[in-house]
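**Student:** Next comes the sequence, and after it the predicted model I'd like to discuss.
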Amino acid sequence: MSTGSSQSSTITRSDRVARVVTDAARRVPAFAARLAEADVDPGTITGVDDLAAIPVQTKDDVLARQHAEPPFGGLLAPDADVARVFQSPGPIYEPQLPGPDPWRWRPALRACGVDASDVLLNCFSYHLSPAGAMFDEAAKALGCTVLPGGVGNLDLQARAVSDLSVTAYAGLPSYLRSLIERYSDAKLDKQEWQLRAALVTGEPLPDDLRASLTEWVPTVLMAYGTAETGLLGYETAPGEGLVVPDDVVVQICDLDTGAPIDEGEGQIVVTALRPEYPLVRFGTGDLSAWHYDDNGERRLAGILGRVGAAVKVRGMFLHPRQVEATMRGVSGVAAYQFVVNRDAHRDELRCDVVPEPGAPAEQVVAAVRDQVRSGLRLTTDVRIATTIDDEATLVDLRTWE
């Protein structure tokens with residue numbers, strides 16, 4: 001079944017939901033078993049409203065299934081075509097399904113005014129996680145020329161922005177800020193700066209950060225998605241909420257019951273309309289609410305927080321379980337605590353460490369830094385402490401205003 005917008009124009013979303021659930025129950029035994037456990041007959045799911053009968057599936061549920069039945073937990077149809085496999089922190093393995101723009105980010109880029117005439121600098125990671133490929137595929141679907149920048153090498157990227165007349169950007173808002181600063185510090189010709197449109201995601205975009213970015217990039221719009229589900233919402237104008245694409249079902253659900261709600265804060269729950277990989281009623285772990293405009297049209301109000309213990313750092317999820325598994329590989333550590341904060345619109349990760357008696361502090365610091373870089377794919381500031389007062393493994397000091 002195609003996920004293109006032309007299909008959506010002739011078949012209602014409820015029709016597509018019914019077809020996906022029926023087809024997935026036939027093709028994917030693990031999904032059929034999930035429905036059976038919930039005592040749900042796939043034939044009774046005739047539209048969006050009926051989805052509430054299916055319990056929310058959490059990221060931890062998917063992780064547990066993948067551990068029990070690697071690599072995809074039995075959630076992928078045996079006859080599915082897989083173009084690439086990605087590994088996100090957890091680890092969770094995500095298949096890239098066939099077809100152009102399989103994660104559906106093209107509408108978000110188009111909302112920024114990006115088209116085939118643009119040269120797009122893609123500053124999402126191309127290493128293991130799917131973000132880099134997501135935007136690469138979307139840009140390719142638009143006909144853009146793509147500069148696969150990834151994360152790092154800011155000096156080279158700043159030079160390329162000038163040399164290649166880069167006109168569009170996809171990446172974290174904090175990384176765009178760093179790129180602008182590096183370009184300015186390098187005293188490159190401001191007249192050679194042609195970057196006019198940026199699609200940013202993975203981090204908050206407060207008004208003051210957007211204002212500073214638009215001094216250099218006239219159009220800066222925010223979007224939202226996940227590694228598992230792709231694009232879930234995008235701005236068409238600053239501060240007006242996130243439009244939900246036609247080819248996915250997004251619900252805001254009560255944290256206790258899992259029932260969809262129209263008012264108030266709840267978890268973003270997604271049904272992706274791909275029967276070969278049925279992420280039906282998938283709980284993203286992100287909190288949001290519906291924003292209604294003057295015409296009664298509703299949009300996502302943005303990300304208002306997280307459900308549970310996992311936090312997002314520089315666009316990557318970090319769970320206490322991952323931290324504990326990583327730190328088990330470091331000797332000489334008596335106690336530790338990871339602290340997430342935000343400075344100048346950039347996420348900062350710090351690890352406070354109490355060395356074991358007799359353990360050389362410098363060696364412990366170096367070992368922790370190296371282990372975190374390899375195990376969590378994040379850089380951290382490691383500091384020696386005498387005590388750790390709070391027993392929490394991971395503390396998030398950021399606010400979501």
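**Tutor:** Structure's in. What do you need? Numbering: from 1, shown residues only.

**Student:** Low-confidence stretches in this structure?
**Tutor:** Across the chain, the stretches falling below the confidence threshold (pLDDT under 70) are 1-10, 309, 400-401.

**Student:** okay, which residue is most central for it?
**Tutor:** The residue lying closest to the centre of the chain (CA atoms, centre = their mean) is T226, at 3.5 Å.

**Student:** What are the buried residues along the helix or strand encompassing D23?
**Tutor:** D23 is located in helix 13-27, with elements delineated by DSSP states H and E. Along helix 13-27, the positions that meet the burial threshold by neighbour count (16 or more other CB atoms under 10 Å) are 13-14, 16-18, 20-21, 23-25, 27. C-beta coordinates here come from the backbone N, C-alpha and C atoms, glycine included.

**Student:** Going by contacts, tell me the helices and strands next to that helix.
**Tutor:** helix 29-37 (3 or more CB pairs under 8 Å, 6 or more residues apart in numbering; DSSP states H and E).

**Student:** Next secondary structure after the helix it packs on?
**Tutor:** Per DSSP H and E, the helix or strand that comes after helix 29-37 is helix 59-68.

**Student:** Buried residues of that next one, list them for me.
**Tutor:** In terms of neighbour count (16+ other CB under 10 Å), helix 59-68 has its buried residues at 59-60, 62-63, 65-66.

**Student:** Report the contact partners of the closest residue to A170 other than its chain neighbours.
**Tutor:** If the residues on either side of it in the chain are set aside, A170 comes closest to F135, at 4.3 Å by CB to CB, 6 or more residues apart in numbering. Neighbour list for F135: 105, 109, 120, 122, 124, 170, 199 [criterion: CB atoms under 8 Å, 6 or more residues apart in numbering].

**Student:** residues near D381, how many?
**Tutor:** Here the neighbour count serves as a burial measure; for D381 (other CB atoms under 10 Å) it reads 12.

**Student:** how far away is it from D352?
**Tutor:** Distance check for D381 against D352: by CB to CB, to the nearest Å, it reads 10 Å.

**Student:** repeat for W193
**Tutor:** Distance, W193 to D352, using CB to CB: 40 Å.

**Student:** Now for the nearest residue to A131 once chain neighbours are set aside: which residues touch it?
**Tutor:** Spatial nearest neighbour of A131, chain neighbours left out: F124 (3.7 Å); criterion: CB to CB, 6+ apart. Neighbouring residues of F124 by CB under 8 Å, 6+ apart: 131-132, 134-135, 150-151, 170-172, 202, 315.

**Student:** at 10 Å what do you get?
**Tutor:** With contact taken as CB atoms under 10 Å, 6 or more residues apart in numbering, F124 is in contact with 130-136, 148-151, 170-172, 175, 201-202, 315.

**Student:** which SSE is it in?
**Tutor:** Since the elements are taken from DSSP H and E, F124 ends up inside neither a helix nor a strand.

**Student:** and the nearest residue to the residue nearest to the centre of the chain once chain neighbours are set aside, how many neighbours?
**Tutor:** For T226, the nearest residue in space outside its immediate sequence neighbours is T284; the separation is 5.3 Å by CB to CB, 6+ apart. When neighbours are defined as other CB under 10 Å, T284 has 23 of them.

**Student:** if we can go back for a sec, distance of the residue nearest to A131 from P91?
**Tutor:** F124 is 18 Å from P91, where distance means CB to CB.

**Student:** Nearest to N295 among the buried residues of helix 59-68?
**Tutor:** For these, the closest approach to N295 (CB to CB) belongs to K59, at 34.4 Å.

**Student:** Was I right to think the closest one contacts V269?
**Tutor:** No: under the criterion of CB atoms under 10 Å, K59 lies out of contact with V269, with a separation of 11.7 Å.
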